[in-house]
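>>> Pasting a predicted model and its sequence here:
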Amino acid sequence: MNTLAKPAISIHHLSKSWGDRPAVQDLSLSIYPGEIFGLLGPNGAGKTTTLRCLCGLVQPDGGEIEVLGLDALAHPRDLRRMLGYVAQEIALDKVLTGRELLELQAALYHIPKALIAERIEQALEMLDLQEPADRLIGTYSGGMKKRLDLAAGLLHQPQILILDEPTVGLDIESRQMMWTFLRDIKRQGTTVVLTSHYLEEVDALSDRVAIIDQGNVIAKGTPSQLKEKLGGDRITLRLREFTPDHEAQHAKTLLESLNMVQNVIINGSQGNALNLVVASDAAGGDGAWAAVAAALRSASLPTFSITQAKPSLDDVYLAATGRTLTDAALAETGGRKTK
């Protein structure tokens, strides 16, 4: 990744609504050549809408998108030659073999006939699909279907690969294989943009990440930068399994008075659990939780559970919104339709 180079993708003030519901609001991003860039957020945050606008599949209500120097909104056909897009939903014809599907895809991309066989073999080898290539797609496992979908998106050798939730629904072995593949194509110079609601996936793969909530970018940077901005370790504390509001507020006021405590959030969606950021070297490093527990005892407050850990991207989201990514996803799926 070279952040001194001209961005491969520039998005300026992008907005898109579905009816009266804003999906993306004034979103701006710069993505550089050769990096893996992650969009992290719960279902319904606006990740898929952003990608569909970027790929020319959805017309935004406002904003500008430039891809490799091209005005993407004005030249959608040229744009699609530059991009490979793999959607979250796998749409493969079960009555075709894997090879037949790739031959059809190659024809749709107008790849010269003399190159089709070579391109297909390269894609099959890259994604370990040579053995099942001549079997019907209907016999493929979920992981094989996802890899075939990727192969189809790579046939025209795009400079930028766009992936929407590339490992959703996959088992651990298939996920690890996908991670290895993405790191390999990055080393070959391909720019990768992926969405995910898997924290560990974005943390492990992404050179940089943007965290999206309700159509807005609420944080962006490298995973380590975002976590370091929190300034310390995280303590998750429950006074009771379901703590009364007044008791949680009492504990919050008490803990905020401790020198080591930098921030306290009451997480109402988790039974009024308290999420603390504490100085990482306080009370002997990992012993900060003991000092917190002692303060609660001195105030005759109970302790149902208490844990201390290094900051995660979920903590970054929590600090910005007051809820975890899991809480946000549950709220979204329990309410309105997501996009």
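On my side now, so go ahead. Numbers count the residues shown, from 1 in each chain.
>>> drop to CA atoms for contacts and neighbour counts, all remaining ones
Noted.
>>> mind listing the helices for the chain?
Along the chain, counting by DSSP state H, helices occupy 47-54, 76-82, 98-108, 113-126, 142-154, 172-187, 199-205, 223-228, 245-256, 288-298, 313-321, 325-333.
>>> could those helices be laid out in TSV, adding distance to Ala8?
As requested, the helices of the chain are exported to TSV (distance: least, CA to CA, whole Å):
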stretch	distance to Ala8
helix 47-54	12
helix 76-82	11
helix 98-108	25
helix 113-126	24
helix 142-154	18
helix 172-187	14
helix 199-205	18
helix 223-228	20
helix 245-256	44
helix 288-298	44
helix 313-321	25
helix 325-333	29
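>>> Quick one, which of the ones you listed gets closest to Ile235.
helix 288-298 (6.7 Å; CA to CA).
>>> Report the buried residues of that closest one.
Across helix 288-298, burial judged by 16 or more other CA atoms under 10 Å covers Ala288, Trp289, Val292, Ala293, Ala295, Leu296.
>>> Please report how far Arg21 lies from Gly46.
As judged by CA to CA, to the nearest Å, Arg21 and Gly46 stand 11 Å apart.
>>> what about Gly38, distance to Ala74?
26 Å.
>>> more neighbours, the two?
Gly38 (28 against 13; other CA atoms under 10 Å).
>>> How about the contacts made by the more buried one?
Val193, Leu194, Thr195, Ser196, Val202, Leu205, Ser206, Asp207, Arg208, Val209, Ala210 (CA atoms under 8 Å, 6 or more residues apart in numbering).
>>> Repeat the analysis, applying 10 Å as the threshold.
31, 47, 163, 192-197, 201-203, 205-211, 220, 222-223 (CA atoms under 10 Å, 6 or more residues apart in numbering).
>>> cool, Gly268 as well?
Gly268 neighbours (CA under 10 Å, 6+ apart): Phe242, Thr243, Pro244, Asp245, Ala248, Leu274, Gly322, Arg323, Asp327.
>>> what ranges of the protein fall below the confidence cut-off?
1-4, 280-286, 329-339 (pLDDT under 70).
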